[in-house]
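> Sequence plus the predicted model coming up.
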Amino acid sequence: MARSATAQELAAWNWQVQPRDEGEMLSWLIVRWNTDPVMFAIEALRIVLLPYQAQGLLDLADAPREVYEFYGLDPTLPKRQVLLPSGHGLGKTRLSAVAIWWHLLCRRFSKTICTAPTSDQLTGGLWGELRKMYRRLKKRWPALAEEWDILGSSIQHKNPEYGDWHVIARTSRADKPEGLQGAHAMDTDDEMGDLAALFGEDHDNAPSGGILIICEEASGINDVIRETLEGSLSEEGARLLAPGNPTRADGWFARDMERHDRYAVHHLDCRMSDRTKVYTLPYRDFGGRVHHIRSRGFVHPRYWDGIIGECDGNEDADRVRVRVRGMKPRSSSEQIIRTHWVDAAEHRQPDDASGAEPAIIGLDFGLTADKHAMAVRRGYTMVDGDEWLPKDEPEQITLDAADRAIEAQQLHRARYIIGDSNGVGRGAMEYLARYYSERPELNVTVIMFNSGEGAVDKTRYYRRRDEMWFPKGRAWFADPRCSIPRIPGLKTQLTVTQYHEDTTRRIRAESKQEIKARTGQESGNLADALLQTLMVQTYAASAPKEEQTPWPKALSKHFQRWRASQEASSGYLIR
């Protein structure tokens, strides 16, 4: 249960004070804002929080019961340590930035440590929000803002004597946990005022010291790092704010969100922040008048409708749980190609327009006793598919696979042959490349594909295999024109592969070895052969030329200033 407000907190919060100068006014403002961080967001940063953001911030601040009652929020949850497992797009980073500025300005000589799985999540996303808020703070409260320098990975006081009063960012590297070790900031050397009385000094009881730890994308922070941070959280009054998409079924974040005795746990559902709705939050101004400030949510309904639709309306599907409801998944992976897509493709007639498309042959090669496979595709139609056990001798393996591909090319007049050339299939693919280079009149292109190679889109995927299965395979099978023959075992091969999306939103598809270890099934080489044919477009197509968009007039003055500064510094105008 929330504590009761002190007389000083009530006086500042209700603004029943009469400061004589700017110094006194700022001192009372700090007490007012320390009591109510939602009021700090509005008055200092000009930010209107949504109700769920206000709830998390009050729990972090250990706000008085009277403040909870004013906003109509729940005062019964644990205080100071807050977990925010969340769906996508709910303003988690903005909330972290508000908390950082609140703690820095309202708690003298405090320390704030920010950590995340990647440096981009810190110095990119979080630091961008901090800088934006700093500009607002500087415009309205310059006496507060101008004390601070925002550097690349820290916020430092301009007075070097206050060097221990700061915000720092550290990437959470499991191999170097000592970078986050041993941070403490509790300042209770004369809590009772005995030393001040003894030496005839003023006893300063203003909020001072304390540590705040921000764990951005908490699900991706290693257990070793969390254990290291426990030392800092052991001191009285230590605060923790841990927002993130709960992408993992294991790890400290998944475990601790069940510990309602220690943490204020708020599962943030995307539907709590509907972009088509208007939300209100009360605000009491310095004259005591209450206003209802309006703001829109962040997430458009088409986002969650799309995800729920992809999961056949199942709200308990792991993808819905993680991306929409802010709940941890029941397992660590999700199916890539949905069973009902494959069922529909097996029962669908071949697409007429696809008959005019060039035929593409895909080859995939199994390890040791696993089968080899070949698939033929035209547009949205899988024309043929076959699997076979390889011969005993290496030379026979190469020639057998190459001969089958040549026969299929002659039968279907294929224009492209693509195959995994990394390992067992290298000999066959090199043979085919030589064969068709000596016969240019056939106009056949042989593509050496390496599924283990790094992805083209490295921000979203790890390997070419991930791109082959996820954006290519999913889109092809989800299309209502897709048609495949009923080949024994193909449906299982297509639907067994799962994927995992980490906290950086990068996707990794299961490898054949991982599937075999998990299910005991043979390698899905026919499925891979078919999906490889979808990668031909990646190699053949050139990126479309984008039309240049004219600069908006609203930015013209900014760029004029930028151009002028460039001209002054370099002696010429950049064009």
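Done, it's in.
> Every contact and neighbour count from this point should use C-alpha atoms.
OK.
> Which parts of the stretch 351-500 of the chain are strands?
359-364, 372-378, 381-388, 416-420, 445-449, 498-501 (DSSP state E, counting those that start in this stretch).
> Of those strands, which is nearest residue 486?
Nearest of the strands of the stretch 351-500 of the chain to residue 486, taken as CA to CA: strand 381-388 at 9.8 Å.
> Who are the packing partners of the closest one?
Packing partners of strand 381-388 (3 or more CA pairs under 8 Å, 6 or more residues apart in numbering; DSSP states H and E): strand 372-378, helix 525-533.
> Include mean neighbour count and distance to residue 290 when you put the strands of the stretch 351-500 of the chain into CSV, please.
Below are those laid out as CSV (neighbours: other CA atoms under 10 Å; distance: least, CA to CA, whole Å):
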stretch, mean neighbour count, distance to residue 290
strand 359-364, 28, 68
strand 372-378, 25, 67
strand 381-388, 19, 65
strand 416-420, 24, 68
strand 445-449, 20, 66
strand 498-501, 19, 45
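> Would you map out the domains in the protein?
As assigned by the TED database, the chain contains the domains 7-186+207-302, 339-533.
> mind putting the ones you listed in CSV, distance to residue 313 included?
Below are the domains of the chain laid out as CSV (distance: least, CA to CA, whole Å):
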stretch, distance to residue 313
domain 7-186+207-302, 14
domain 339-533, 13
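> closest one to residue 326 among the ones you listed?
domain 7-186+207-302 (3.8 Å).
> closest one to residue 462 among the strands of the stretch 351-500 of the chain?
So among the strands of the stretch 351-500 of the chain, strand 498-501 is nearest, using CA to CA, at 10.5 Å.
> Which strands border that closest one, and is each parallel or antiparallel?
Paired with strand 498-501 in the same sheet, following DSSP bridges, are strand 334-335 (antiparallel), strand 507-509 (antiparallel).
> and residue 42, how many residues sit next to it?
Look at residue 42: counted by other CA atoms under 10 Å, it has 15 neighbours.
> How about residue 34?
24.
> which SSE is it in?
helix 22-35 (DSSP states H and E).
> again with residue 77
Applying DSSP H and E, one finds residue 77 in no helix or strand.
> I'd assumed residue 264 was in contact with it.
Yes - contact between residue 77 and residue 264 holds when scored by CA atoms under 8 Å: they sit 5.4 Å apart.
> the more surrounded of these two?
residue 264 (23 against 20).
> Pull out the buried residues from stretch 498-514.
For stretch 498-514, the neighbour count (16 or more other CA atoms under 10 Å) marks 498-504, 507-512 as buried.
> With distance to residue 251 and pLDDT added, can I get those in TSV?
Below are the buried residues of stretch 498-514 laid out as TSV (distance: CA to CA, whole Å; pLDDT from 0 to 100):
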residue	distance to residue 251	pLDDT
498	20	87
499	18	89
500	15	84
501	15	81
502	13	78
503	13	66
504	16	74
507	19	92
508	18	93
509	20	93
510	20	90
511	22	89
512	25	86
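> show me where the stretch 451-575 of the chain has helices.
For the stretch 451-575 of the chain, helices defined by DSSP state H, counting those that start in this stretch occupy the ranges 464-467, 474-478, 490-496, 512-519, 525-533, 536-540, 556-570.
> With adjacent residues omitted, what lies nearest to residue 420?
residue 449 (4.7 Å; CA to CA, 6 or more residues apart in numbering).
> Let's see the pLDDT reported for the one you found.
On the pLDDT scale, residue 449 is placed at 94.
> so it makes contact with residue 419?
Yes - judged on CA under 8 Å, residue 449 makes contact with residue 419 at a distance of 5.5 Å.
> Throw the strands paired with strand 498-501 into a markdown table and include distance to residue 279, thanks.
Shown next, in a markdown table, are these (distance: least, CA to CA, whole Å):
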| stretch | distance to residue 279 |
| --- | --- |
| strand 334-335 | 34 |
| strand 507-509 | 34 |
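> Relative to residue 216, which of those strands is closest?
Of the strands paired with strand 498-501, nearest to residue 216 by CA to CA is strand 507-509, at 19.1 Å.
> How about residues contacting the closest one?
Contacts of strand 507-509 with the rest of the structure, by CA atoms under 8 Å, 6 or more residues apart in numbering, involve 336, 460-463, 465-466, 469-470, 497-501.
> For those, which single residue is the most surrounded?
Among the contacts of strand 507-509, residue 469 has more neighbours than the rest - 27 neighbours, counting by other CA under 10 Å.
> Do I have it right that it meets residue 531?
Yes - look at residue 469 against residue 531 with CA under 8 Å: they come within range, at 6.8 Å.
> where does the stretch 151-300 of the chain have low pLDDT?
Residue ranges of the stretch 151-300 of the chain with pLDDT under 70: 173-196, 202-208.
> State the distance from residue 268 to residue 54.
Here the criterion is CA to CA, to the nearest Å. By it, residue 268 lies 12 Å from residue 54.
> actually residue 477, not the one I typed
Residue 477 is 43 Å from residue 54, by CA to CA.
> related to what we said a few turns ago, tell me the one of the contacts of strand 507-509 nearest residue 423?
The closest of the contacts of strand 507-509, once distances to residue 423 are taken by CA to CA, is residue 465, at 14.9 Å.
> For the closest residue to the closest one other than its chain neighbours, give me its contacts.
Excluding the flanking residues, the one nearest residue 465 by CA to CA, 6+ apart is residue 451, at 4.6 Å. Residues in contact with residue 451 (CA under 8 Å, 6+ apart) are 420, 422, 463-465.
> Among the residues you listed, find the lowest-pLDDT one for me.
residue 422 (80).
> Nearest residue to it in space, please, no chain neighbours.
In this structure, residue 422 finds its nearest non-sequential neighbour in residue 450, 5.6 Å apart by CA to CA, 6+ apart.
> Scan this structure for its longest helix.
Assignment by DSSP state H gives helix 394-412 as the longest helix of the chain.
> Report all helices and strands that that one contacts.
Contact here means 3+ CA pairs under 8 Å, 6+ apart; on that basis helix 394-412 packs against strand 359-364, helix 426-437.
> buried stuff in the last one?
Looking back up the chat, that one is helix 426-437. 426-433, 436.
> Among the residues you listed, which pair sits farthest apart?
426 and 436 (15.6 Å).
> shaky segments in the stretch 351-500 of the chain?
The model of the stretch 351-500 of the chain has pLDDT under 70 over residues 367-369, 394.
> what residues do residue 77 and residue 264 have in common as contacts?
Common contacts of residue 77 and residue 264 (CA under 8 Å, 6+ apart): residue 59.
> In this structure residue 276 contacts residue 302, no?
No - using CA under 8 Å, residue 276 is not in contact with residue 302; the gap is 10.5 Å.
> out of everything not next to it in sequence, what's closest to residue 384?
residue 376 (5.1 Å).
> do the same with residue 261
Using CA to CA, 6+ apart, the closest residue to residue 261 is residue 78 (6.9 Å).
> ok, now residue 378?
With CA to CA, 6+ apart as the criterion, residue 378 has its nearest non-adjacent residue at 4.8 Å, and that residue is residue 359.
> how about the one you found, what does it touch?
Residue 359 touches 376-379, 412-416, counting by CA under 8 Å, 6+ apart.
> For it, give its distance to residue 385.
Counting by CA to CA, the gap from residue 359 to residue 385 is 13 Å.
> shared neighbours of these two, anything?
Jointly contacting residue 359 and residue 385 under the rule CA under 8 Å, 6+ apart are residue 376.
> that older thread, show the contacting residues for the residue nearest to residue 261.
By CA under 8 Å, 6+ apart, the neighbours of residue 78 are 1, 59, 260-264.
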